[in-house]
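Novice: curious how this folds, go ahead:
(2 chains)
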Amino acid sequence: MFWCASCGGCEESILDLSEHLFTLREKAEIVFWPMAMDTKYDAVKALPDKDLTVTLINGAIRNNEQVEIVRMLREKSKIIVAHGSCAHQGGVIGLANFFSSSALLDRAYKDMPTITDPGDVPSNTSKLNGTRLELPAMRRSIVPLNKVISVDYYLPGCPPSPELVKDALFAVLSNDLPELGTVFGETKALCHTCPRLSSKPEKLKLTTFKRLHEVEWDANTCFLTQGLVCLGPATRGGCAARCIGANMPCRGCFGPLDTDADQGLNALSMLAALLEDTTPEGLDRGIKSIPDAPGLLYRFGLAASILGGRFQGGK
Amino acid sequence: MTEFLSTNRFEPSIIGFLCHWCAYECADAVGRSRSQYPANLHIVRVMCSGRVAPHFIMNAFKEGADGVIVMGCPMDSCHYRSGNAQALKRMTLLRSLLPAFGIDTERLQFAWVGAGDTKEFIHRISSMVGALRALGPVGRRAVP
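Specialist: You can find the predicted model right below:
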């Protein structure tokens, strides 16, 4: 198990296996898990190629060190599983692609309102007592794992549900594997398994979308019917509708369906189709009522989208 | 052509998605009437402007288009009743997203022209080419 640019939630999803962790421990030896064990990179490097049965990698690729380690793990592992939204689609981390890396560093080290003594933006090399120190270089943009190494399976979700992780791990250990490249989860959109599906009318028309704090929303009615943005129609099912169950609309962490190349654009088409008023003013009102449309539509999928992020260098 | 060679100015490349029933027919009518419009437009015929998924447009920008124009039938005369209205909604929302991608909103336009609206067709294409010449080439994705 290894983590790249991630929050640690996916590592938690392993701990959430709870009693199944013991079964896992009986069936397999855990060799490398920086968060929980003290195995050195060199010890893994010394292993013969394809020695590890399966390696779960979570997090997006943001710096050169991560590239080096995941390439090494690819050589040492029979199966690589992209674990969680960030490894699968770039995830929330991938939203950084809406900005240039220099703008991000300036924001973090100079422009934040809480910074009272803006210093230099740290560079990846520095000198200390005559010794040159080097930090891993930040890449110009964030990419999902499969842009750097070949990935055998994907575990979607932010984080993936313990059930999904358990099923995937035991499928690997019992050698009962689906076709290469499979994304664990459903092949249909979340709506198909949504407990509120029956409350969705045949035809749905809205003039504006509402934000969660603006209404008291019903716990049993389809969110879209209530005018609340829900990305269920453009998102892979298989999450057991955890957010819906907690009375929160879908934000799309399971990524696009197999048939779709860009989850954000599919969600965009879906939301646009719901708008009823096509007069310029009506359309403007409808579109402005979607809060932070780019961030909302691409919350988890920007780095894996068609454009992958912001164009730079043009006028 | 001599003008193009002598001035060496920036020539934007524009992808146009034109509906079969009105817009493409209109482009044809422009040709039949021996009228002229800038050669910057590269036409892709689609059956209806409603068929144009936002994916097509983002792919065009990814592949280096400086601008994209979606043209369909005038409102209320869509051959498929409401395809152009769907396109209008989708393209307006997509347009609002473009600045986040570092793409000027001028680079995505839509126009609704009747099959005989040759003047409007020429006007829209010429003015878009002019606007894009002023804007310059589109940026590029930073290669990771």
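Novice: from now on I want contacts and neighbour counts done on CA atoms only, so please keep to that.
Specialist: OK.
Novice: what comes into contact with stretch A:278-296?
Specialist: Contacts to stretch A:278-296, defined as CA atoms under 8 Å, 6 or more residues apart in numbering or on different chains, come from residues A:95, A:207-211, A:229, A:251, A:275, A:277, B:85, B:88-89, B:92-93, B:97, B:100.
Novice: go again using 7 Å as the cut-off
Specialist: For stretch A:278-296, the surrounding residues in contact (CA atoms under 7 Å, 6 or more residues apart in numbering or on different chains) are A:Thr207, A:Thr208, A:Phe209, A:Lys210, A:Leu275, A:Asp277, B:Lys89, B:Leu93, B:Leu97, B:Ala100.
Novice: ok but A:Ile61 is inside a strand, no?
Specialist: Yes. When classified by DSSP: H, G, I helix; E, B strand; the rest coil, A:Ile61 is found to be part of a strand.
Novice: returning to that earlier point: the contacts of stretch A:278-296 into TSV, with extra columns for neighbour count and pLDDT?
Specialist: TSV is the format used below for the contacts of stretch A:278-296 (neighbours: other CA atoms under 10 Å in any protein chain shown; pLDDT from 0 to 100):
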residue	neighbour count	pLDDT
A:Thr207	17	94
A:Thr208	21	95
A:Phe209	21	96
A:Lys210	18	94
A:Leu275	22	96
A:Asp277	18	93
B:Lys89	28	97
B:Leu93	23	97
B:Leu97	20	96
B:Ala100	17	94
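Novice: low pLDDT regions in the stretch 201-315 of chain A?
Specialist: Scanning the stretch 201-315 of chain A for pLDDT under 70 picks out A:313-315.
Novice: so which residues on it come close to chain B?
Specialist: Neighbours of chain B within the stretch 201-315 of chain A, by CA under 7 Å from any CA of the partner chain: A:265, A:269, A:272-273, A:278, A:287, A:293-294, A:306-307, A:309-315.
Novice: quick one: the contacts of stretch A:278-296 as a markdown table, columns for secondary structure and distance to A:Gln89 too.
Specialist: Shown next, in a markdown table, are the contacts of stretch A:278-296 (DSSP: H, G, I helix; E, B strand; the rest coil; distance: CA to CA, whole Å):
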| residue | secondary structure | distance to A:Gln89 |
| --- | --- | --- |
| A:Thr207 | coil | 32 |
| A:Thr208 | coil | 29 |
| A:Phe209 | coil | 26 |
| A:Lys210 | strand | 27 |
| A:Leu275 | strand | 28 |
| A:Asp277 | coil | 34 |
| B:Lys89 | helix | 27 |
| B:Leu93 | helix | 23 |
| B:Leu97 | helix | 19 |
| B:Ala100 | helix | 18 |
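Novice: coming back round to it: give me the subset of the residues of the stretch 201-315 of chain A next to chain B that lies in strands.
Specialist: Members of these lying in strands (criterion: DSSP state E): A:Phe311, A:Gln312.
Novice: returning to that earlier point: for the contacts of stretch A:278-296, give me a markdown table that also has distance to B:Glu106.
Specialist: Output for those, formatted as a markdown table (distance: CA to CA, whole Å):
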| residue | distance to B:Glu106 |
| --- | --- |
| A:Thr207 | 26 |
| A:Thr208 | 25 |
| A:Phe209 | 26 |
| A:Lys210 | 29 |
| A:Leu275 | 23 |
| A:Asp277 | 23 |
| B:Lys89 | 17 |
| B:Leu93 | 14 |
| B:Leu97 | 12 |
| B:Ala100 | 14 |
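Novice: and these, which is closest to A:Lys127?
Specialist: Taking CA to CA as the measure, B:Ala100 is the one of the contacts of stretch A:278-296 closest to A:Lys127, at 37.6 Å.
Novice: how many other residues sit next to the residue lying closest to that closest one once chain neighbours are set aside?
Specialist: Distances taken as CA to CA, 6 or more residues apart in numbering or on different chains put A:Phe98 closest to B:Ala100, at 6.2 Å, once the chain neighbours are dropped. The number of residues packed near A:Phe98 is 21, by other CA atoms under 10 Å in any protein chain shown.
Novice: any idea how far A:Phe98 is from A:Leu268?
Specialist: Distance of A:Phe98 to A:Leu268, computed by CA to CA, to the nearest Å: 17 Å.
Novice: ok, B:Val70 next?
Specialist: The separation that B:Val70 has from A:Leu268, given CA to CA, amounts to 17 Å.
Novice: and for A:Pro291?
Specialist: Taking CA to CA as the measure, A:Pro291 falls 13 Å from A:Leu268.
Novice: who's more crowded, the two?
Specialist: A:Leu268 (26 against 13).
Novice: so who does the more buried one touch?
Specialist: Going by CA under 7 Å, 6+ apart, the list of residues near A:Leu268 reads A:Leu297.
Novice: just B:Thr105 next, same as before
Specialist: Residues near B:Thr105 by CA under 7 Å, 6+ apart: B:Arg95, B:Leu98, B:Pro99.
Novice: okay, it: pLDDT?
Specialist: Reading off the confidence values, B:Thr105 has pLDDT 96.
Novice: low-confidence stretches in chain B?
Specialist: Per-residue confidence for chain B (pLDDT under 70) gives these ranges: B:1-7, B:141-144.
Novice: and the residue nearest the centre of it?
Specialist: Nearest to the geometric centre of chain B sits B:Ile69, at 1.6 Å (CA atoms, centre = their mean).
Novice: beta-bridge partners for that one, please?
Specialist: B:Ile69 has these beta-bridge partners by DSSP bridges: B:Gly16, B:Gln109.
Novice: am I right that it is in contact with B:Trp112?
Specialist: No. Judged on CA atoms under 7 Å, B:Ile69 makes no contact with B:Trp112 at a distance of 10.5 Å.
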